[in-house]
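>>> Compute the structure for the input listed below.
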Amino acid sequence: MNGPALRIALVTGGLPFGGSTTFLQHLATGLLNAGVPCEIYSFTQANPLAAEFASAGITVHTCDENRLIFEVRLVQTFAALARFNPTVVLANIGREAYEILRYLPHGVMRVGMIHDRTMQPEQLIPAYRDVLDQVVVVAAHLVGDVCAAAPEVSCAYLAHGIPLTTKVAPREPNLAESLKLIYFGRLTERKGARLFPAITDALHRRQVPFQWTIHGQGEDETYLRRRLAAETARGEVVFSTPVPRDQLLQLVRRHDIYMLASDVEGGPLTLLEAMALGLVPVCGDIPCLVQEVIRSENGFRVPRNEPDAFAEAISRLHQNRLLLERLSAAARETITEHFTVEAMACRYINLMKQHACPSGIVNWPERIQPRPFRNSKNQPLFWPVLKPFRRLAKRFMRL
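Numbers count the residues shown, from 1 in each chain. Next comes the predicted model:
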């Protein structure tokens, strides 16, 4: 590698259970495997994937948001970053992560992530355009959103990747039995959960035998259990119980078809995980990895919010099991060739090498003076008055 060695810090507003945290785990794993030092810094304490991070040898720094006001957590995070001395700092999610970019010394490359449109890139990127050397998006269509909001900021699409496991075998061929479907993820309207009963109705009209495992929790779980009570009683629908992350892939591999009916997605990483095990994807055709990964030879992209389109694709696979197995093999090949954590890390390393400080020498100040959050009209005016009360509130919460 030419030039100074990369050292990459991944900063995030929090580590919630979900795709943005799994992304950090995968990226850090790929970077460490490539010999690039990498650490994760969170502005909150919760870390549901702590065991997975530890198993992969990933150092994670957290802050107690219940005890410490943001300014203190900012200073703590900056001090930890200075000790690590990264050449690149990547802001993952949350304005807290983007705020840290304002305090980095000259010579540190500053990267902002955009996972989906719910991050409001049209507001976020212009607010921090002067402290961004690069924006990275995880879906190709988001490049246009960033460029429209801040055309002077460099933006690149870098595809996701997942670790390939040798401990979990791919799915077994299914030449005669009922097709086994699975959805695993949050059960919310945004994830298309309310479309599931309509898809089962469409499968009934086509007389397609199936067993659909719904694995996840969320605000629409009660609705689904009530609406699919008859199918559950017949064994057509199974609501699986939560399992540890290391057992999830064992559950997934026992199925034939990966289902996704979301309205909006950043990844989804579950698509890559399922395809890597040979599941054939049947997904709504929305701008995200679905359009990047799924082609006619490895799965189905169907019109979103059209239950009959989902059912028709599943019916084709039911009637033609050779097609099912051919698509299954192609799905695995697609992921193993192009969407591993090693391939993803290589994409990030190549991009960051182009912008890293030529000398590799960075002078970190001993401490920083926190400033008001950006893009808040009232905060600069009332900040000095509110600051003591915020400290008192935190102190009260510790009692």
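>>> Spit out the contact partners of the nearest residue to Pro281 once chain neighbours are set aside.
Nearest residue to Pro281 in three dimensions, chain neighbours excluded: Gly299, at 3.8 Å (CB to CB, 6 or more residues apart in numbering). Heads up, the C-betas are built off the backbone N, CA and C, glycines and all. Gly299 makes contact with 275, 280-283, 327, 331, according to CB atoms under 8 Å, 6 or more residues apart in numbering.
>>> Check whether Ala28 really touches Tyr41, as I assumed.
No - applying CB atoms under 8 Å, one finds Ala28 not in contact with Tyr41, separated by 11.3 Å.
>>> Now for these two: what residues contact both?
Leu10.
>>> pLDDT-wise, which helix or strand of the protein ranks last?
The least trusted helix or strand in the chain, going by mean pLDDT, DSSP states H and E, turns out to be helix 379-398, with a mean of 47.
>>> hang on, the earlier thing: can you say which two of the contacts of Gly299 are spatially most distant?
Pairwise distances among the contacts of Gly299 were taken by CB to CB; the largest, 12.7 Å, belongs to Cys283 and Leu327.
>>> How is the chain divided into domains?
Here the domain assignment for the chain is 8-163+342-398, 179-339, based on automatic domain parsing.
>>> between those domains, which gets nearest to Arg171?
The closest of those to Arg171 is domain 179-339. By CB to CB, the value is 4.4 Å.
>>> average pLDDT across the closest one?
Averaging pLDDT along domain 179-339 yields 95.
>>> What is the end-to-end distance of it?
Domain 179-339 has its terminal residues 26 Å apart, counting by CA to CA, to the nearest Å.
>>> what's the burial count for Leu164?
Neighbouring residues of Leu164 were enumerated by other CB atoms under 10 Å; the total is 17.
>>> Start from the N-terminal end of the stretch 51-200 of the chain and give the helices.
With DSSP state H, counting those that start in this stretch, the ranges of helices along the stretch 51-200 of the chain come out as 70-84, 95-100, 121-127, 142-149, 196-205.
>>> Single out the most deeply packed of those helices.
With neighbours defined by mean count of other CB atoms under 10 Å, none of these is more surrounded on average than helix 95-100, at a mean of 23.
>>> Give me the contact list for that one.
Applying CB under 8 Å, 6+ apart, the external contacts of helix 95-100 come out as 11-13, 41, 43, 70, 73-74, 77-78, 81, 89, 91, 112, 124, 127-128, 373-374.
>>> 7 Å - rerun?
Contacting residues not belonging to helix 95-100 are listed as 11-13, 43, 70, 74, 77-78, 89, 91, 112, 124, 128, 373 [CB atoms under 7 Å, 6 or more residues apart in numbering].
>>> Surely Val264 forms part of a strand?
No - Val264 is assigned coil when assessed by DSSP: H, G, I helix; E, B strand; the rest coil, not a strand.
>>> what sits up against stretch 346-365?
The contact list for stretch 346-365 (CB under 7 Å, 6+ apart) reads 1, 3-4, 6, 27, 34, 36, 82, 85, 87-88, 105, 107-109, 133-134, 156, 158-159.
>>> Would you mind putting the CA coordinates of it into PDB?
The C-alpha trace of stretch 346-365 is given here as PDB (Å, rounded to 0.1, in the frame of the first residue of the first chain):
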ATOM      1  CA  CYS A 346     -11.500  -3.400  -0.500                       C
ATOM      2  CA  ARG A 347     -13.900  -0.900  -2.000                       C
ATOM      3  CA  TYR A 348     -13.600   1.400   1.100                       C
ATOM      4  CA  ILE A 349      -9.800   1.000   1.300                       C
ATOM      5  CA  ASN A 350      -9.400   2.000  -2.400                       C
ATOM      6  CA  LEU A 351     -11.500   5.100  -1.900                       C
ATOM      7  CA  MET A 352      -9.900   6.200   1.300                       C
ATOM      8  CA  LYS A 353      -6.300   5.700   0.000                       C
ATOM      9  CA  GLN A 354      -7.100   8.400  -2.600                       C
ATOM     10  CA  HIS A 355      -7.800  11.100   0.000                       C
ATOM     11  CA  ALA A 356      -5.600  10.100   3.000                       C
ATOM     12  CA  CYS A 357      -3.100  12.700   4.200                       C
ATOM     13  CA  PRO A 358       0.100  12.200   2.200                       C
ATOM     14  CA  SER A 359       2.400  12.700   5.200                       C
ATOM     15  CA  GLY A 360       0.300  10.700   7.600                       C
ATOM     16  CA  ILE A 361       1.200  13.300  10.300                       C
ATOM     17  CA  VAL A 362      -1.700  14.800  12.200                       C
ATOM     18  CA  ASN A 363      -1.600  17.100  15.200                       C
ATOM     19  CA  TRP A 364      -4.400  16.400  17.600                       C
ATOM     20  CA  PRO A 365      -5.300  19.200  20.100                       C
END
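>>> Please tell me how far it is from the chain's geometric centre.
On the basis of CA atoms, centre = their mean, to the nearest Å, the separation between the geometric centre of stretch 346-365 and that of its chain is 24 Å.
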